[in-house]
Structures are given as C-alpha cells and as structure tokens.
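1. sequence and predicted structure, then a few things I'm wondering about:
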Amino acid sequence: MKSAKSKAPDAQAAAPRECPFLALIPDVPSGKLTPEHCLTLAERLRLANAIKSDSPILKEAESQSFHQNCEIIRKAGIGLQLRNYCLLEAYETQQWRDKYQTIKDFAKDVADLSKSQMMKCIDSAKIALLMAEVGLGTVGPRGRQVEELAKVPHDHREAAWRAVLEAFALHGNSVSEAKHVLCNYCDEHGIKFGRREPNGTRKRGHGTTMQPDHRKATAETPLQQSEQSETKEDWTENLSTTEDHALIEILPLDTLQGFFEEFNAQSPGKPIGKILQELGSDHHNDQTSEQMEAALTLVCEKDPALEENLRKLALGLLAQAISQKLEYSIRESRIAKAERLERDFPSITNSLPTSILQFQRAPFDEFMPVGDNQKGVR
C-alpha cells in the first residue's frame, strides 16, 4: 500500500492536467483566418449595416449579432492570455526543439511573432501567474505596466509591485508613476532595472516617490568626460549594409538624392546615426515627457487605435527632424562651396547667376518643426 501511494503522485505529476483550451477559444479549422473566412466576414458586415436601425433599442437580429460579437471579443481576450501561457510553457520546457532549430523560428511560424514580441508575451504570462499565486490577480499590472514590472528581477517583482500599489493610493494610477516606483525600488535594493544599472552608475531622479540621495555627489571633470567618450565605441563607424539601409529608409527621396549629389555619393547612414546621437544626448524636459506618457496611457485605455497612431506620428516627426537636419547640412555645404568659389575665383563668380550669389544662410530653427520651448536645453 505504501508503494502504491508513493507512485500515485508521480503518475499525476507526469500527466499535465487538461486545460479546456478548445472550449475557451473559437474553432477555426485551418488555425487561422483564410481569405474565404474574410469574405464571409465582409458579407456579414454588409448584412449588419443593412439591418441597422435608428432606434435606441436593438432589433432581434441586431441583438443576436451583438451577443455573438461580445462572445468572440471575450474569447479573443482569453485566447491572448492562453497564447502567452502556451508560449511560456513551450519556452521553458523547450517543446519546440523537435520541430524547430531555434525558438525564434518557432515564434515566427506558430505565433507570427518576432523573438522580442514573444519575450514580452512570456513576461506577461509570468507576471500574470505570479500575481495570481500571491493573491494580487485583481490588482496586478495592466497594459504597459506589465512591461515596466518585467524589468524588475523575478524574485523582487511581488515586493516591487506592492510598493507600486502603495504609491498608486497616494499619487494615482499611471504608467509613469509605476515606472518611477519600480526604478526607485531597484535603486534602493541595488539591483538592475531593465538595462538600467543601479545607483551610482547613472544620474538619479525618478519622480514623486524618489527618496533624496544624501551621498556626496562627485562631478566629472571635462578630462574624464573626454576619456569616457574616447573609450566608448561609436556604433555609427561600423554600420553593416543592412543597418545602413535601415537608417537611409527614413529619408524622403528628394533629401536622399540631394545628399548623394552634394556629398559625392557617400551614404547618409552614418550622418543619420550622428544626428540620432545628438538628439538623444540633448537634455529634454523629463516632466513634460512623463506627463505626455501619462496622457498617452489614458488615450490607450480609451482608444488604443488612436494611441498607436499618435505614437506613429511622434516617430514620423522624429524622422522629419532628422531629414531637416540633413537638408540643413546640404544647404550649409552648398553655401560654403559658393563662398569659397567667390573668395578664390572672384573673376568667375562675377559671371555666375545672381541667384547663386544671393544664396543666404537661414537660421536652423526654420527647418525644425518643434518650437524652442519644446526642444529642451542643452
């Protein structure tokens, strides 16, 4: 009897408990929507518009369609949570190893996700399981809060999130507040927050719950700063062809053509990298950025599609600023050439068209779409 009892738990552990996946998600025979499915949905949408009424009370056909839509929407949300769990299980147990060479191949083929996207899903599943296990499932992180908590080492996530909940009670619920508290927690415990090193390696200052640092600050001398800049590798000097093309693709065609003509067919990839370094090294108004992040979080909760469009707009404005800086460089180069020509060959320049000789320098601000009060202070 004792031996039978000892084997029973092993047998139960060897066979995972069944999960009603198929009962929780819609049944699509091919595993994904086919063109035929999309045609069926298009026809359904036409019929829905045809039976639409102006009455505040839905007709029976409208009510049935709405009930079906709500059911699928709820199942889709459950399906995403289950997908994240399944990715976690396949990742931790390497279930993909029999069919795929790498986890990246598995993620792309089965989930149509990049490896970075897959890791975000896995982090989300880990955090959801942790919150449920410690009794915080109903007050766990949501949306982009999950991404911030994922930057905290696993062993500290419960305590760090409890600190966030305490801060929420005082300062309100927002992604920026959660990030500040989590960053401060990692500072206080001397652990890494994402890619950010603990205290002492970078400048501090993380929002409303920041505790003052009474340790004596040491300012770096210009010589130390120059030595650091010399030892730090400049990634713009060693761009591969693919990386160079990735930078070039943000430029409009006329700017790209003008750069090639002015700089003897040199690639603008390296100058674009330099511009990104320059823009990233500028000191910007952190408070304004945090307030904008909180506003975007609100928009995301109310209208996720609008939030996505606003982020794309911000990236588009950054690309526009880069293009305008390059156009300014092209303009400056042409002016410098005209000035050298006028200085070295005055007899020739007297015969040049008046439009070239009257080529004036314009202040750089007229090329930038952002006002002075928004650009920050160097």
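-> Structure received. Numbering: from 1, shown residues only.
2. give the contact list for residue 318.
-> residue 279 (Cβ atoms under 8 Å, 6 or more residues apart in numbering). Every residue, glycine included, has its C-beta placed from N, CA and C.
3. mind doing that once more with 10 Å?
-> When contacts are counted by Cβ atoms under 10 Å, 6 or more residues apart in numbering, residue 318 touches 250, 275-276, 279, 370.
4. what helix or strand does it sit in?
-> helix 304-344 (DSSP states H and E).
5. same question for residue 40.
-> Per DSSP H and E: helix 35-50 holds residue 40.
6. helix or strand right after that helix?
-> Next helix or strand after helix 35-50 toward the C-terminus (DSSP H and E): helix 60-93.
7. tell me the one of the contacts of residue 318 nearest residue 59?
-> Each of the contacts of residue 318 was checked against residue 59 using Cβ to Cβ; the closest is residue 250, at 50.3 Å.
8. then that closest one would be within a strand, right?
-> No. Checked against DSSP: H, G, I helix; E, B strand; the rest coil, residue 250 lies outside a strand; its state is coil.
9. isn't it right up against residue 273?
-> No. Using Cβ atoms under 10 Å, residue 250 is not in contact with residue 273, being 11.4 Å away.
10. re earlier: can I get the contacts of residue 318 in a markdown table with pLDDT?
-> Listed next are the contacts of residue 318 as a markdown table, based on pLDDT from 0 to 100:
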| residue | pLDDT |
| --- | --- |
| 250 | 84 |
| 275 | 85 |
| 276 | 84 |
| 279 | 79 |
| 370 | 47 |
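11. flag the shaky bits of the protein, pLDDT-wise.
-> Applying pLDDT under 70 to the chain picks out residues 1-31, 195-233, 265, 281-287, 346-378.
12. grab the nearest non-local neighbour of residue 90.
-> If the residues on either side of it in the chain are set aside, residue 90 comes closest to residue 96, at 5.6 Å by Cβ to Cβ, 6 or more residues apart in numbering.
13. same thing with residue 271?
-> Using Cβ to Cβ, 6+ apart and skipping the chain neighbours, the partner closest in space to residue 271 is residue 326 (6.4 Å).
14. about what we covered before: give me the neighbour count for the residue nearest to residue 90.
-> By other Cβ atoms under 10 Å, the residues close to residue 96 number 19.
15. helices along the stretch 51-200 of the chain, start to end?
-> Secondary structure of the stretch 51-200 of the chain (DSSP state H, counting those that start in this stretch): helices located at 60-93, 103-106, 115-133, 144-149, 157-171, 175-189.
16. relative to helix 35-50, how tilted is the first one?
-> Read that as helix 60-93. 150 degrees (axes from the mean of the first three to the mean of the last three Cα atoms, to 10 degrees).
17. tell me which residues of helix 60-93 come out buried.
-> Going by neighbour count (16 or more other Cβ atoms under 10 Å), the buried part of helix 60-93 is 65, 82-88, 90-91.
18. same thing with the fifth one?
-> Under the neighbour-count criterion of 16+ other Cβ under 10 Å, helix 157-171 has 157-158, 160-161, 163-164, 167-168 buried.
19. can you put those residues in JSON lines and add distance to residue 340?
-> What follows is the buried residues of helix 157-171, written out as JSON lines (distance: Cβ to Cβ, whole Å):
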{"residue": "157", "distance to residue 340": "62"}
{"residue": "158", "distance to residue 340": "67"}
{"residue": "160", "distance to residue 340": "60"}
{"residue": "161", "distance to residue 340": "63"}
{"residue": "163", "distance to residue 340": "62"}
{"residue": "164", "distance to residue 340": "60"}
{"residue": "167", "distance to residue 340": "60"}
{"residue": "168", "distance to residue 340": "62"}
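20. residue 72: which of the residues you listed is nearest?
-> residue 161 (31.6 Å).
21. rewinding a little: of the buried residues of helix 60-93, which pair is most distant in space?
-> Spatially, the most separated pair among the buried residues of helix 60-93 is 65 and 91, at 38.3 Å (Cβ to Cβ).
22. from residue 234, how far off is the residue nearest to residue 271?
-> Plainly put, residue 326 is 19 Å away from residue 234 if you go by Cβ to Cβ, to the nearest Å.
23. so which of these two has more stuff around it?
-> Higher neighbour count among residue 326 and residue 234: residue 326, with 23 against 12, using other Cβ under 10 Å.
24. who wins for most neighbours among the contacts of residue 318?
-> residue 275 (21 neighbours).
25. quick one: that residue and residue 320 touch, right?
-> No. With contacts counted by Cβ under 10 Å, residue 275 stays clear of residue 320, the gap being 12.0 Å.
26. if we can go back for a sec, the contacts of residue 318 in helices, which ones?
-> Among the contacts of residue 318, the members falling in helices (DSSP state H) are 275-276, 279.
27. for these, which one is nearest residue 175?
-> Taking Cβ to Cβ as the measure, residue 175 lies nearest residue 279 of these, at 23.1 Å.
28. gap between the closest one and residue 248?
-> 17 Å.
29. so how far is residue 246 from residue 278?
-> 19 Å.
30. kindly report the same for residue 70.
-> 42 Å.
31. what do you get for residue 80?
-> Distance of residue 80 to residue 246, given as Cβ to Cβ: 30 Å.
32. next one: residue 93
-> Distance of residue 93 to residue 246, computed by Cβ to Cβ: 35 Å.
33. against residue 107, how distant is residue 263?
-> Separation of residue 263 from residue 107 (Cβ to Cβ): 41 Å.
34. cheers, nothing more for now.
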